[in-house]
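Trainee: how would this look folded up:
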Amino acid sequence: MGMPQTAEIWTAEQIRALPDDGLRHEVVDGEHLVSPSPRAPHQVAISELEALLRPYVKEHGLGRVWHSPADLEFDPHTLMQPDLFVTAKRQVKTWKEALPLRLAVEVLSPSTARADRIVKRRRFQRAGVEVWIVDLDARLVERWRPGDKRPEVMAETLEWQPDASVPPLVLDLAALFREVHGED
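Mentor: Next comes the predicted model:
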């Protein structure tokens, strides 16, 4: 005889119905994830990455760069808000139109590390999305492509080429981490 299910299986509809409490509520494969407001370095990292990605994505007609909050519903039991993401479409009127994604970026915080590194990352990969997990403390980025069993870990530079017809974007990660940590 199987064990009775004790955890509630959440839906995207239930998450949207929650009152605004200032926290980020997401659901991945029925698991309700709650996280507090991010720290300042987290926001600096998102802002800097967005500033680096935006001109490249626009110049090459690759879609649009966005940041959360954004309710991306992958299925009735999965509603995620990546910190930063790139849609293949430039014009999006509703979040349902935003899929598929070219890239999802999660900046780790102490309260979100498990959800970002495991739960959300796996779900993004299943959807065919490349994922960057940005670890500000370790000063590295884990790049996960769909199908990867292990990440590519980068600390100096990161090359992103979502379309073989355009040159890659090369990010200076060492400079990014210096900026995030307020170092000259």
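Trainee: so what's Leu158 closest to, chain neighbours aside?
Mentor: Of all residues not flanking Leu158 in the chain, Leu171 sits nearest, at 4.5 Å (C-beta to C-beta, 6 or more residues apart in numbering). Placement of C-beta: from N, CA and C, glycine included.
Trainee: All the strands of the protein, residue numbers only.
Mentor: 24-28, 31-35, 64-67, 72-75, 78-80, 84-87, 101-107, 130-135, 140-144, 152-154, 157-160, 169-172 (DSSP state E).
Trainee: ok, the third one: who's next to it in the sheet?
Mentor: The partner list of strand 64-67 in its sheet, established with DSSP bridges, is strand 84-87 (antiparallel).
Trainee: Restricting to C-alpha, output the partner strand in CSV.
Mentor: The C-alpha coordinates for strand 84-87 follow below in CSV (Å, rounded to 0.1, in the frame of the first residue of the first chain):
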residue,chain,number,x,y,z
LEU,A,84,15.6,37.5,-15.8
PHE,A,85,14.5,35.9,-19.1
VAL,A,86,14.7,36.2,-22.8
THR,A,87,11.6,35.5,-24.9
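Trainee: So what touches that strand?
Mentor: 46, 49-50, 53, 57, 62-68, 70, 72, 98-105, 107, 162 (C-beta atoms under 8 Å, 6 or more residues apart in numbering).
Trainee: again, but for stretch 129-145
Mentor: For stretch 129-145, the surrounding residues in contact (C-beta under 8 Å, 6+ apart) are 41-42, 45, 49, 100-108, 116-117, 120-121, 124-125, 146, 151-155, 158, 160, 162, 173-174, 177, 180-181.
Trainee: of those residues, buried ones?
Mentor: 41-42, 45, 49, 101-108, 116-117, 120-121, 124-125, 151, 158, 160, 162, 173, 177, 180 (16 or more other C-beta atoms under 10 Å).
Trainee: what does the longest helix along the chain rub up against?
Mentor: Scanning the chain for the helix with the most residues, using DSSP state H, yields helix 40-59. Residues outside helix 40-59 that contact it (C-beta under 8 Å, 6+ apart) are 38, 62-65, 67, 83-84, 86, 103, 105, 107, 109, 134, 136, 169, 171, 176, 179-181.
Trainee: and that helix, average pLDDT?
Mentor: For helix 40-59, mean pLDDT is 96.
Trainee: Over to stretch 17-33?
Mentor: Per-residue scores along stretch 17-33 average to 89.
Trainee: end to end, how far does it reach?
Mentor: 15 Å (C-alpha to C-alpha, to the nearest Å).
Trainee: roughly how far out does it sit from the chain middle?
Mentor: Distance of stretch 17-33 from the chain centroid (C-alpha atoms, centre = their mean, to the nearest Å) equals 16 Å.
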